[in-house]
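Asker: whatever this is, show me its structure:
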Amino acid sequence: MLQSLAETWWAWIVLGFALGVLEILVPGFIFLGFAVGAVLTGLLVATGLVAAGPMRTIAEFASLATRRFASSARSP
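Answerer: Here you go, the predicted structure:
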């Protein structure tokens, strides 16, 4: 089940929007990077650029989320 869910593009986008809503409800910029990373991963899966399996998809999500978080943490 995890394998098919990790390769479903709409699941990543729904997760991204859910994390975005959670970011609005929780003070601070905790979930913003993860939300952006999940939406970008969903777009990559939808276009077929990431289709090597669930572990590759999750690794791509982690990479995108940490890049966004690192760039937002440096700004004043």
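Asker: do you know how far residue 50 is from residue 30?
Answerer: 25 Å (Cβ to Cβ, to the nearest Å). Quick note: C-beta positions are derived from backbone N, CA and C, even for glycine.
Asker: who's more crowded, these two?
Answerer: A count of neighbours by other Cβ atoms under 10 Å puts residue 50 above the other of residue 50 and residue 30, at 23 against 13.
Asker: so how far is residue 32 from the closest residue in space to the more buried one that isn't next to it in sequence?
Answerer: Computed as Cβ to Cβ, 6 or more residues apart in numbering, the closest residue to residue 50 that is not its neighbour in sequence is residue 44, at 4.5 Å. Distance of residue 44 to residue 32, given as Cβ to Cβ: 19 Å.
Asker: and the residue most central in space within the chain, how far is that from residue 49?
Answerer: With distances taken as Cα atoms, centre = their mean, residue 38 lies nearest the centre of the chain, 1.5 Å away. Taking Cβ to Cβ as the measure, residue 38 falls 15 Å from residue 49.
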